[in-house]
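*Asks:* only the shape, not the letters, is given here:
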């Protein structure tokens with residue numbers, strides 16, 4: 001290959017940062033094997049950028065045994081950290097915790113260790129930090145990683161397909177118990193401020209209501225859908241809510257503890273929606289948070305293949321001396337784009353997306369208006385059409 005690799009052996013490093021995602025190990029494996037075929041050395045930086053702050057404890061040479069059998073494994077053999085911001089590193093002092101800028105230490109250690117390039121595998125936050133380090137002189141190639149699929153510059157991120165598959169199966173499994181007990185279930189899925197997981201899993205899993213951050217919902221419209229199904233003798237409902245979904249005029253629901261590393265800790269919307277449905281309709285309603293189950297386990301075939309293609313392409317970018325860039329899927333090709341494309345904004349679900357259009361056409365509610373299968377009328381009038389015993393909770397529990 002031409003470029004940086006011409007005529008000499010390179011020493012490169014790999015790091016994984018942010019939340020884990022199925023396919024991380026597949027990227028590490030592909031990048032390592034591609035580099036070995038070029039005669040390069042490959043090292044692993046453990047726990048994101050933390051490994052370059054303290055390389056004596058968190059720097060490892062990647063050998064054959066390290067990548068054996070990891071293609072199908074979830075997680076990352078290098079470990080990860082979602083608090084590893086070298087520009088705002090938390091240190092303990094006699095007066096308590098404070099933030100210090102250790103980015104110069106990271107740059108100094110990188111050069112002292114003799115690395116020629118760093119491949120950073122991460123999402124928006126990690127790649128944003130990577131871009132800042134590029135500006136300080138570290139030659140970096142980024143690999144897009146997030147189950148949320150909210151990174152622009154690439155059609156799809158690896159980890160997303162696995163997360164959707166796990167969520168879809170979980171929603172499908174709820175149908176039988178919901179129908180048996182004549183209950184309503186509200187399932188909370190990950191995705192932060194983007195509704196890609198919830199939209200895809202909701203439609204694929206047969207949900208009746210889908211609540212995503214891009215469409216603020218009216219709780220009365222959600223209840224209307226539940227009552228409409230009761231009227232049509234469908235005595236159970238499945239509501240799927242993204243963790244970042246929020247009611248019209250209301251705020252997003254946060255977990256106790258407010259923020260972590262200046263990032264909102266979303267969570268609790270499913271419980272809030274379930275309580276409101278129960279209170280307003282009398283329908284027994286339970287909530288379920290799928291949580292980190294969406295991150296774990298064996299990656300799907302799609303994610304393994306995509307991660308493999310991205311990992312190998314990242315090494316080829318290094319060989320060509322193309323730094324400050326991110327490898328990306330532009331179907332059907334793997335290309336590279338400027339890192340700035342990955343961090344300038346979040347990729348959210350367009351309101352005119354075909355999946356939303358198809359879902360609405362099938363009568364799925366997004367909590368913003370009556371579904372296509374409804375007969376019209378206000379929430380109060382729909383509620384009046386349901387037997388009083390149900391509205392009072394009698395006969396639906398047990």
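*Replies:* Ah, there it is. Remember, it's a predicted structure, so these values are computed and weren't measured experimentally.
*Asks:* enumerate every residue touching the nearest residue to residue 347 once chain neighbours are set aside.
*Replies:* If the residues on either side of it in the chain are set aside, residue 347 comes closest to residue 152, at 4.5 Å by C-beta to C-beta, 6 or more residues apart in numbering. All C-beta spots, glycine's among them, are computed from the backbone N, C-alpha and C. When contacts are counted by C-beta atoms under 8 Å, 6 or more residues apart in numbering, residue 152 is found next to 341, 342, 344, 345, 346, 347.
*Asks:* which of these has the most neighbours?
*Replies:* For the contacts of residue 152, neighbours were counted using other C-beta atoms under 10 Å, and residue 342 has the most, 27 neighbours in all.
*Asks:* my read: residue 184 touches residue 178, true?
*Replies:* Yes: contact status for residue 184 versus residue 178: in contact at 7.1 Å, counting by C-beta atoms under 8 Å.
*Asks:* these two: who's more crowded?
*Replies:* residue 184 (30 against 20).
*Asks:* could you give the bridge partners of the more buried one?
*Replies:* When bridges are called by DSSP bridges, residue 184 pairs up with residue 237, residue 285.
*Asks:* for the residue nearest to residue 41 when sequence neighbours are not counted, list the residues it contacts.
*Replies:* Once flanking residues are discounted, residue 41 sits nearest to residue 11: 4.4 Å by C-beta to C-beta, 6+ apart. Applying C-beta under 8 Å, 6+ apart, one finds that residue 11 lies in contact with 40, 41, 43, 114, 115, 116.
*Asks:* buried ones among those?
*Replies:* Buried subset of those (neighbour count, 16 or more other C-beta atoms under 10 Å): 40, 41, 43, 115, 116.
*Asks:* the helices in the stretch 1-150 of the chain, which residues?
*Replies:* Using DSSP state H, counting those that start in this stretch, the helices found in the stretch 1-150 of the chain span residues 24-37, 50-53, 55-58, 64-67, 103-112, 124-135.
*Asks:* what bits of the stretch 251-398 of the chain have low per-residue confidence?
*Replies:* Per-residue confidence for the stretch 251-398 of the chain (pLDDT under 70) gives these ranges: 251-252, 255-264, 267, 369-398.
*Asks:* now the strands: where do they sit in it?
*Replies:* For the stretch 251-398 of the chain, strands defined by DSSP state E, counting those that start in this stretch occupy the ranges 254-260, 263-266, 285-289, 325-330, 333-338.
*Asks:* packing partners of the fourth one?
*Replies:* Meaning strand 325-330. Contact partners of strand 325-330 among helices and strands, from 3 or more C-beta pairs under 8 Å, 6 or more residues apart in numbering; DSSP states H and E: strand 140-144, helix 301-319, strand 333-338, helix 340-343.
*Asks:* 10 Å - rerun?
*Replies:* If contacts are counted by 3 or more C-beta pairs under 10 Å, 6 or more residues apart in numbering; DSSP states H and E, strand 325-330 sits against strand 117-122, helix 124-135, strand 140-144, helix 301-319, strand 333-338, helix 340-343.
*Asks:* so it versus helix 301-319, what angle?
*Replies:* In terms of direction (axes from the mean of the first three to the mean of the last three C-alpha atoms, to 10 degrees), strand 325-330 departs from helix 301-319 by 140 degrees.
*Asks:* for strand 325-330, buried residues please.
*Replies:* Of all the residues in strand 325-330, those buried under the rule 16+ other C-beta under 10 Å are 325, 326, 327, 328, 329.
*Asks:* hang on, the earlier thing: which of the contacts of residue 152 sits closest to residue 91?
*Replies:* residue 342 (28.9 Å; C-beta to C-beta).
*Asks:* which ones are touching the closest one?
*Replies:* Residues in contact with residue 342 (C-beta atoms under 10 Å, 6 or more residues apart in numbering) are 122-124, 126-128, 130-131, 142, 144, 151-154, 157, 325-326, 328.
*Asks:* need the max-distance pair from the contacts of residue 11.
*Replies:* The farthest-apart pair in the contacts of residue 11, when distances are taken by C-beta to C-beta, is 40 and 114, at 12.4 Å.
*Asks:* what residue spans form the domains of the chain?
*Replies:* Domains of the chain are assigned by automatic domain parsing as 11-158+299-343, 167-294+350-391.
*Asks:* before we move on, the earlier item: how about the residue nearest to residue 347, secondary structure?
*Replies:* Three-state call for residue 152 (DSSP: H, G, I helix; E, B strand; the rest coil): coil.
*Asks:* low-confidence stretches in the stretch 1-150 of the chain?
*Replies:* Low-confidence regions of the stretch 1-150 of the chain, defined by pLDDT under 70, span residues 1-7, 82-83.
*Asks:* any idea how far residue 242 is from residue 282?
*Replies:* Applying C-beta to C-beta, to the nearest Å, one obtains 26 Å for the distance of residue 242 from residue 282.
*Asks:* export the buried ones among the contacts of residue 11 as CSV, with columns for distance to residue 55.
*Replies:* Output for those, formatted as CSV (distance: C-beta to C-beta, whole Å):
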residue, distance to residue 55
40, 19
41, 15
43, 9
115, 10
116, 16
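*Asks:* more neighbours, residue 242 and residue 282?
*Replies:* When residue 242 and residue 282 are compared for neighbours, residue 242 comes out ahead with 31 against 23, by other C-beta under 10 Å.
*Asks:* shared neighbours, residue 184 and residue 178?
*Replies:* Jointly contacting residue 184 and residue 178 under the rule C-beta under 10 Å, 6+ apart are 208, 235, 236, 237, 238, 285, 286.
*Asks:* and those residues, which are buried?
*Replies:* Those of the shared contacts of residue 184 and residue 178 that meet the buried threshold are 208, 235, 236, 237, 238, 285, 286, by 16+ other C-beta under 10 Å.
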